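> Please work out how this folds:
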Amino acid sequence: MRLLLVFNPHAGAGRAAQLLPGVRSALENFAVLDVLQTGGAGDATRLVAAADLSVYDGLIATGGDGTLFEVLNGLYTHDKAQRIPLGLVPVGTGNAFARDLGLLPGDWAKAVDLIRAGGLRQVDVGRVETASETYFFLNIVGAGLPVDAMEIAAKLKFLGNSAYTLAALWRAIKLKSYPLSIEIDGKIINQDSIFLEISNTRYTGTTFLMAPDAVLDDGLLDVTLLGKLSRVRLLRLFPTIYKGHHVRYDEIQTCKAQEIRITAPQDLVLAPDGELRGCTPATITCLERDLQIFGPGP
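Numbering: from 1, shown residues only. Got it, this is the predicted structure:
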C-alpha cells in the first residue's frame, strides 16, 4: 500500500506537530508513505490538486475538520476516476467527521488501525454552489450563529475542543437573528432565524449532536433551522444540543433534503466544516455515495 499523507502541523493549536513522528511511524509499519506538510490556509487544497494521485492507494488528511475540508476540495479537482480513497487521522481542534466514524478527539492510533484494515465505505458529499465558486464538504455548512461562533472560535483555538462551545454560547447570549429564505426540495420557508445548519454528519464541532438522525450514506442532508426565541429559552436549549435533544423544541425545524437553496436580503457568510467560505445566495446539494473513505461499515 502506498499512501499520500497531508499533515497540518498547526492543527490542534500547534499540538499536532508533536504527533507527526508517531503518526508517520505507525503508518510506515504497513505502507509506503509520502508526506506533504501544509504551511498556511489553502495549502492542503493546492498540494492535493497538484499531486499525481494515480500512484497512491489512499489519501490521508491529518489535522482537524478544516484540514479535511481542504484535502477534500483538492481531491475534487481531480476527475472522479482519479479520486482515491480518503482517510482521516484526527489531531485537530474540531474533529466532527471523525466522531461519526467512531473516533474520539486525538484518537489517531485507532484511525491508523482503520486505514491499516483497508475497509472502504461509500459516503455522501455535500456540494455548495455560490455566485463565485463551488466547493465540497463532508460535515456541515452553516449560516447565522455557526458563522458568528466560528469567527470567535478561531481566536480561541488554544482552548482546544472547548473553543467552539464557548464561542457558540457567547453568540447565543447575543441573540442575533437573520432573515432567510430557504427552499428545501421545492418547499419555501421565509422567516427570521438564529441559525441554519445543513448536516451530512451527526456531530458539529466534535461535541454538538446537531443532527442526531443524519446518515453518511442515505443520499440526503439533514436541515436544522432555529427560528426566533427569547434569550432565556435559547440558553435552555443550548446545552440540549450535546445529546441531540434540541430537536424536541418547537422553535427547531428539522427535515432531510437532497437540495437546499438559501437567499437573504443581505448576503450571509457560510461556514463549511469549520471554515468561512462564500456567501448566500447558495445551492447545497447532496452527492449520494460519491466518495470512498477508509472506515468501518455503516
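
> So what pairs up with the closest residue in space to Ala98 that isn't next to it in sequence in the strands?
Leaving out its chain neighbours, the residue that sits closest to Ala98 by CB to CB, 6 or more residues apart in numbering is Pro90, at 3.8 Å. Placement of C-beta: from N, CA and C, glycine included. Beta-bridge partners recorded for Pro90 (DSSP bridges): Gly63.

> Just give me the neighbour total for Pro90.
30 (other CB atoms under 10 Å).

> That one contacts Gly106, doesn't it?
Yes. Counting by CB atoms under 8 Å, Pro90 does reach Gly106; the two are 6.9 Å apart.

> which residues do the two both contact?
Jointly contacting Pro90 and Gly106 under the rule CB atoms under 8 Å, 6 or more residues apart in numbering is no residue at all.

> State the distance from Val141 to Thr283.
11 Å (CB to CB, to the nearest Å).

> Neighbour count: the two, which is higher?
A count of neighbours by other CB under 10 Å puts Val141 above the other of Val141 and Thr283, at 28 against 16.

> How about the contacts made by the more buried one?
126, 128, 197-198, 270-273, 284.

> Just the pLDDT at the residue nearest to Ala98, thanks.
Listed pLDDT for Pro90 reads 87.

> Tell me, how many residues neighbour the closest residue to Val247 other than its chain neighbours?
Leaving aside its sequence neighbours, Val247 sits nearest to Thr254 (CB to CB, 6+ apart; 5.4 Å). If you count neighbours by other CB under 10 Å, Thr254 ends up with 16.

> and whichever strand or helix holds Thr254, what does it pack onto?
Thr254 belongs to strand 252-257 when elements are defined using DSSP states H and E. Where contact means 3 or more CB pairs under 8 Å, 6 or more residues apart in numbering; DSSP states H and E, strand 252-257 is packed against strand 221-227.

> Mind listing the strands the strand it packs on pairs with, and their directions?
Using DSSP bridges, strand 221-227 pairs in its sheet with strand 187-199 (antiparallel), strand 252-257 (antiparallel).

> average pLDDT across the last one?
In this model, strand 252-257 carries a mean pLDDT of 96.

> for the longest one, same thing?
Predicted confidence along strand 187-199 averages 93 (mean pLDDT).

> Look at the nearest residue to Tyr249 once chain neighbours are set aside and say how many residues are nearby.
In this structure, Tyr249 finds its nearest non-sequential neighbour in Leu237, 5.4 Å apart by CB to CB, 6+ apart. If you count neighbours by other CB under 10 Å, Leu237 ends up with 19.

> Give me the three-state assignment for Leu237.
Recorded secondary structure, Leu237: helix (DSSP: H, G, I helix; E, B strand; the rest coil).

> show me the contacts for it.
Leu237 touches 226, 229, 246, 249, 251-252, counting by CB under 8 Å, 6+ apart.

> any idea which of those residues is the one closest to Lys110?
His246 (28.8 Å; CB to CB).

> Can I take it that that closest one is in a helix?
Yes. Checked against three-state DSSP, His246 lies within a helix.

> Looks like it contacts Arg233 (just checking).
No. Here His246 does not reach Arg233: they are 11.2 Å apart, not a contact under CB under 8 Å.

> Tell me which of these two has more neighbours.
His246 (22 against 13).

> Please name the nearest non-neighbouring residue to the more buried one.
Going by CB to CB, 6+ apart, His246 has Thr240 as its nearest residue, at 4.6 Å.

> residues in contact with the one you found?
Here Thr240 is in contact with 246, 248-249 (CB under 8 Å, 6+ apart).

> can you list these in JSON lines and add distance to Asn8 and pLDDT?
Listed next are the contacts of Thr240 as JSON lines, based on distance: CB to CB, whole Å; pLDDT from 0 to 100:
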{"residue": "His246", "distance to Asn8": "31", "pLDDT": "95"}
{"residue": "Arg248", "distance to Asn8": "37", "pLDDT": "94"}
{"residue": "Tyr249", "distance to Asn8": "36", "pLDDT": "93"}
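
> could you dump the residues you listed to a markdown table with distance to Leu221?
What follows is the contacts of Thr240, written out as a markdown table (distance: CB to CB, whole Å):
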| residue | distance to Leu221 |
| --- | --- |
| His246 | 18 |
| Arg248 | 21 |
| Tyr249 | 21 |
